[in-house]
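Student: coordinates only, sequence not included:
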């Protein structure tokens, strides 16, 4: 068993995002590509975008800090701190409306 401070990981990733050219940074805290469950803390600076990506299984975004917009299938959702968004099984993109920290959880299917 391992304990993680998502607040501390989020702060570190926001610092890394500030130093990156794309305005975002991420760290997988649970699992990985070789496991079914993967949880990744993603930090995005205001205005930063994650290019379209395919959800590799069942997934969710839990916004820990800030506010993001998720777009998929021609619809979009604004998600703010404390919200949990179940992700559709389709391509999606993310834009930070404020400096944000998100816990991205995926349980790979198939």
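Tutor: Sure, I can see it. Owing to the predicted nature of the structure, the values given are computational and were not obtained by experimental measurement. Numbers count the residues shown, from 1 in each chain.
Student: next one: stretch 43-54 to chain centre, how far?
Tutor: 8 Å (CA atoms, centre = their mean, to the nearest Å).
Student: and that stretch, what's its mean pLDDT?
Tutor: Across stretch 43-54, pLDDT averages out at 89.
Student: in this protein, which helix or strand is least confident?
Tutor: Lowest by mean pLDDT, DSSP states H and E among the helices and strands of the chain is strand 49-54, with a mean of 80.
Student: strand partners of it, parallel vs antiparallel please.
Tutor: Counting by DSSP bridges, the strands paired with strand 49-54 are strand 91-96 (antiparallel).
Student: sec struct for residue 30, please.
Tutor: Assigned by DSSP: H, G, I helix; E, B strand; the rest coil, the conformation of residue 30 is strand.
Student: ends of stretch 85-95, what's the gap?
Tutor: 14 Å (CA to CA, to the nearest Å).
Student: hmm, who's touching it?
Tutor: 44, 47-55, 58-63, 68-73, 77, 79, 102 (CB atoms under 8 Å, 6 or more residues apart in numbering). Any C-beta I mention is one placed from the backbone N, CA and C, and that applies to glycine too.
Student: can we see that at 10 Å?
Tutor: The contact list for stretch 85-95 (CB atoms under 10 Å, 6 or more residues apart in numbering) reads 24, 42, 44, 46-63, 67-79, 100, 102, 104-106, 109.
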